[in-house]
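>>> this is a predicted model, with the sequence first.
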Amino acid sequence: EVQLVESGGGLVQPGGSLRLSCAASGFTFSNYAMTWVRQAPGMGREWVSCVNSWGDNTVYADFVKGRFTISRDNAKNTLYLQMNSLKPEDTAVYYCAKFPSEWCTGQFGSFGQGTQVTVSS
């Protein structure tokens with residue numbers, strides 16, 4: 001059974017940083033591309049970033065380019081999202097999910113429970 005457990009969220013001031021983690025189990029983590037999505041209060045899920053299975057190809061939504069960095073450690077079965085220069089509009093629950101192949105294509109799924117990020121002064 002695929003299990004994804006996000007952590008690292010919290011309350012941070014505008015301009016601050018957080019590093020989210022996603023611990024994966026129940027599947028061969030190194031075989032799959034992974035992604036982060038977020039959901040703000042009252043809004044639908046919004047795709048943030050993805051990384052291929054080898055970790056050498058990344059894609060970002062325009063609204064996080066230059067501020068967020070996605071990475072993975074296949075030896076630790078863990079996905080990361082380093083978030084810098086945070087803005088109040090980054091406030092959301094952040095989820096990780098897996099793609100059905102090595103590349104960031106197709107429909108991702110198997111979301112974890114999410115981790116809350118709140119950016120406020």
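Structure received.

>>> list the beta-bridge partners for residue 69.
residue 82 (DSSP bridges).

>>> residue 1 versus the closest residue to residue 49 other than its chain neighbours, what's the distance?
Closest residue in space to residue 49, ignoring its immediate chain neighbours: residue 70 at 4.3 Å, by Cβ to Cβ, 6 or more residues apart in numbering. Just so you know, the C-beta spots here come from the backbone N, C-alpha and C atoms, and that holds for glycine as well. As for residue 70, its distance to residue 1 is 24 Å (criterion: Cβ to Cβ, to the nearest Å).

>>> do the same with residue 14
Counting by Cβ to Cβ, the gap from residue 14 to residue 1 is 39 Å.

>>> residue 65 now?
Counting by Cβ to Cβ, the gap from residue 65 to residue 1 is 34 Å.

>>> of those two, which one has the most company?
residue 65 (10 against 6; other Cβ atoms under 10 Å).

>>> now do the strands in this protein.
3-7, 10-12, 18-25, 34-39, 45-51, 58-60, 68-73, 78-83, 92-98, 115-119 (DSSP state E).
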